[in-house]
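S.K.: predicted coordinates and the sequence they were generated for:
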Amino acid sequence: TAEALRIYDSIHNVYKKSLTQFFPAFHIRNGFSNVFLNLLAGVKDPRLYAQAFEMQKVARKVEGGFSLIKGFAEPQGIKSLTREEKGLYEIYQRAQAHNVVGKGGAFTQELTGRDVKRQIRGAGRPIEELAESRLGRLNQHSLSVTKTVEENARLAHFIDQTNKGVSDFSAAFSVKKYLF
């Protein structure tokens with residue numbers, strides 16, 4: 001029975017993700033929800049979201065990763081940054097050090113997660129083939145949107161708190177209290 005429940009859970013997780021991550025309306029509602037939750041937390045300056053988005057672009061430039069426009073980008077390193085971008089990246093790294101952004105969160109278990117990979121391999125289809133397929137590319141796009149929306153609100157909250165003189169640790173705690 002434990003094996004049957006594990007299989008059921010893996011299938012159910014794929015099903016739940018397929019009902020949300022591929023639909024733009026989900027991401028729009030999620031973004032509005034995050035702004036509302038941030039308002040409850042006292043984050044009132046809309047410019048913080050623009051600053052957070054710039055931070056995300058800088059982080060993608062330094063670390064590489066998936067961009068909706070360019071697809072996968074190679075890391076360019078910190079030497080490629082302007083002085084202003086370095087300041088933004090420093091704040092991003094502080095947020096990352098406190099698990100506000102980066103690895104972790106809802107987007108670590110994606111449609112091509114461990115259980116699904118095992119099922120695909122079991123069906124004789126290599127995971128690399130799936131990643132190159134339309135479904136794989138669509139999955140990467142939708143995960144990129146999910147991650148961007150989630151991290152944008154978290155970064156805006158983190159910036160707001162640190163601008164108010166709160167320590168990074170307390171700012172991260174506030175982010176987790178309202179947005180996780």
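M.R.: Received the coordinates, thanks.

S.K.: give me the element the residue nearest to Ile78 when sequence neighbours are not counted is part of.
M.R.: Closest residue to Ile78 in three dimensions, ignoring its sequence neighbours and counting by Cβ to Cβ, 6 or more residues apart in numbering: Val62, at 5.5 Å. Yep, even glycine has a C-beta here, placed from its N, CA and C like the rest. If you go by DSSP states H and E, Val62 is part of helix 47-63.

S.K.: cool, Tyr92 as well?
M.R.: helix 83-97.

S.K.: for Leu5, same thing?
M.R.: Here Leu5 is assigned to helix 2-20, by DSSP H and E.

S.K.: mind listing what's buried along the following helix or strand past that helix?
M.R.: Of the helices and strands lying after helix 2-20 in sequence (DSSP H and E), the nearest is helix 24-40. Residues of helix 24-40 classed as buried: Phe26, His27, Asn30, Gly31, Asn34, Asn38 (neighbour count, 16 or more other Cβ atoms under 10 Å).

S.K.: out of those residues, which comes closest to Arg47?
M.R.: Nearest to Arg47, judged by Cβ to Cβ, of those is Asn38 at 12.9 Å.

S.K.: show me the contacts for that closest one.
M.R.: Contact analysis of Asn38 by Cβ atoms under 8 Å, 6 or more residues apart in numbering lists Ala153, Ala156, His157, Asp160, Tyr178, Leu179.

S.K.: right, and the last one touches Arg154 too?
M.R.: Okay, so that is Leu179. Yes - between Leu179 and Arg154 there is a contact under Cβ atoms under 8 Å: 5.5 Å.

S.K.: among those two, which residue is more densely surrounded?
M.R.: Per other Cβ atoms under 10 Å, whichever of Leu179 and Arg154 has more neighbours is Arg154, with 24 against 21.
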